[in-house]
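Colleague: coords please:
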Amino acid sequence: MKKTVFGLLAILAALYFSPVLASVSADEHKTAHKTEHVEAKDAHGAESHGDGHHGAPHFDGKNSSLFWAIPFLAILLSIALFPLLAPHFWHHNYGKISLVIGLTFFVPFTIIQTPNMSFFYLLEVYLLEFLPFIVLLLALYTVAGGIRLKGELIGSPKLNLLLILIGTSLASWMGTTGAAMLMIRPLLKANGWRKHKTHVVVFFIFLVANIGGSLTPLGDPPLFLGFLKGVDFTWTLSAMLAPMLVAVAILSVVFFILDTYYYKKEPGQPEKSTNGEKLGLEGTANLLLLPLIPISFLVASMKLGTAFTVHHVAMPTASLLQVCILLLITVASLVITKKEVRTANEFTWEPILEVAKLFATIFITMVPPIAMLKAGADGPLGFIIRSLTDANGGFINANFFWSTGILSSFLDNAPTYLVFFNTAGGNAAQLMGPMYNTLLAISVGAVFMGANTYIGNAPNFMVKSIAEEAGVPMPSFFGYFLKYAVTILIPTFIIITLIFF
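Modeller: Here you go, the predicted structure:
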């Protein structure tokens, strides 16, 4: 395996770096796009110029073959099948598998589409999208991992529902990732004694890591992108409240019934000891760092010009500043937190490493599918866009909800949101007014249906990895989708469709 990987790397280097390094010249810097503001934000806070780079090479999504989507499907199938069919091999080699799949996309892409284009997308994806994404997760994971709830908690149905609802309430104000990273360890601690606890983590993903982020642009990346496009902060709060309450109510009732059933099946229920620890928090200094993380998003949205430009990719100063702030927060958390606190939390770097290695390939292989989707009705995925209108050209809001949602389950939900936002006209004032229900359908689909798969939203996979580190037997990719998403989430979304769309 090592020889294969190094051989592919050598081929990549020979094909790629020799012709490309020469292309990053002084003249190119002078002619690169210098616009001060960005057209849109990517899914994780990085300012992405997309097609706004003057003179930059771009992948032709309209006339491209679906062949280019195969590597993206390959990494998804690897995540789905390897842990099920060869768990030991996957656990020790998932990083290598991810790298090989990434190279099997990037090498042909470099040869066929030219190194000029491949270098552009390499820089755009990893500088403007992946770097802010993984640094954000790193900061949240590190800070939340330095906060420990001490004392005895017994994971009863009432307590579990309470913890999940607290996390759901926090998610709109500190982001789904922040709330998930903060609340998952207390939930795991409370249920450590239980044999039947997988469903507890799954419902946590449903509510805290996804649906809970519905009420503000700070809650979930698609809504923040809409805010930058002109959607009022108050519109999100008022419009999304009713769908969120319906979804939370349905899932809370289902969870309580299910958890009560499994709770009664437990072989023994522990009692609190008389000399146990009192409830309290350790590492409380990290609570002062947590609010700085959502604030970094506001910094990233500022108009501060361009820090530098490399091969048509302009790194916004605000985005670079956000990354620096998040790294400083990470270092500060490591410095101020006692080692004993992280040890008691069973804190390791494995979950964040797993996310980084897998999503590095997901991000780069996602380029062609997103481009095909952006190509609109005439592109390879045009049947999706054409399904959004009736015979008279009117919008079918239910189709907007399901199309946005299904694609958000597998693709990055923020660019997916942007595609359908623009398909609906892209005028925020009109979408908030006469086309209110269309914008609502797009917003609810992008936020809610990220819960359908482990890769639908960033914190989903993080929660899965942390739970597995704590010994919780999480379902496989298909197990999660078929056993939980299809049987619980899809019926919930059908009810929401009937009520709102």
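Colleague: Quick one: distance of whichever strand or helix holds Phe105 to the chain centre.
Modeller: Assessed by DSSP states H and E, Phe105 sits inside helix 87-113. Here the centre of helix 87-113 is set off from its chain's centre by 21 Å, with C-alpha atoms, centre = their mean, to the nearest Å.
Colleague: Touching, Thr317 and Ala307? I think so.
Modeller: Yes: Thr317 is within contact range of Ala307, at 4.4 Å (criterion: C-beta atoms under 8 Å). (C-beta placed from N, C-alpha, C; glycine too.)
Colleague: Looking at these two, which has the bigger crowd around it?
Modeller: Between Thr317 and Ala307, counting by other C-beta atoms under 10 Å, Thr317 is the more crowded of the two (18 against 13).
Colleague: List the residues that contact the more buried one.
Modeller: The contact partners of Thr317, taken as C-beta atoms under 8 Å, 6 or more residues apart in numbering, are 304-307.
Colleague: do the same with Leu287
Modeller: Contacts of Leu287 by C-beta under 8 Å, 6+ apart are 147, 281.
Colleague: Can you tell me the SS state at Ala314?
Modeller: Classification of Ala314 by DSSP: H, G, I helix; E, B strand; the rest coil places it in strand.
Colleague: any idea how far Ala414 is from it?
Modeller: The spacing between Ala314 and Ala414, counted by C-beta to C-beta, to the nearest Å, is 19 Å.
Colleague: do Phe224 as well
Modeller: Distance from Phe224 to Ala414, by C-beta to C-beta: 8 Å.
Colleague: can you check Val472 too?
Modeller: Val472 is 29 Å from Ala414, by C-beta to C-beta.
Colleague: neighbour-wise, which of the two wins?
Modeller: Ala414 (25 against 19).
Colleague: quick one, phi psi at Tyr454?
Modeller: Phi and psi for Tyr454, reported as degrees, to the nearest 10, are phi -60, psi -30.
Colleague: mind listing what it touches?
Modeller: 79, 460-461, 464, 477, 480.
Colleague: mind redoing it with 6 Å?
Modeller: 460-461, 464, 477 (C-beta atoms under 6 Å, 6 or more residues apart in numbering).
Colleague: Quick check: which ranges of the stretch 401-501 of the chain have low pLDDT?
Modeller: Along the stretch 401-501 of the chain, no part satisfies pLDDT under 70.
Colleague: Let me see the ranges of the helices in it.
Modeller: For the stretch 401-501 of the chain, applying DSSP state H, counting those that start in this stretch gives helices covering 413-423, 428-432, 436-448, 458-469, 477-479, 490-500.
Colleague: Let me have these in CSV, adding distance to Gly55 as columns.
Modeller: Below are the helices of the stretch 401-501 of the chain laid out as CSV (distance: least, C-beta to C-beta, whole Å):
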stretch, distance to Gly55
helix 413-423, 22
helix 428-432, 29
helix 436-448, 32
helix 458-469, 32
helix 477-479, 40
helix 490-500, 43
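Colleague: of those, which approaches Gly95 most closely?
Modeller: helix 458-469 (13.2 Å; C-beta to C-beta).
Colleague: The closest residue to Ala424 other than its chain neighbours: how many residues sit nearby?
Modeller: Spatially, and ignoring its direct neighbours in sequence, Ala424 is nearest to Thr438 (5.1 Å; C-beta to C-beta, 6 or more residues apart in numbering). Using other C-beta under 10 Å, Thr438 has 23 other residues around it.
Colleague: Repeat that for Lys265.
Modeller: Lys265: 10 neighbours (other C-beta under 10 Å).
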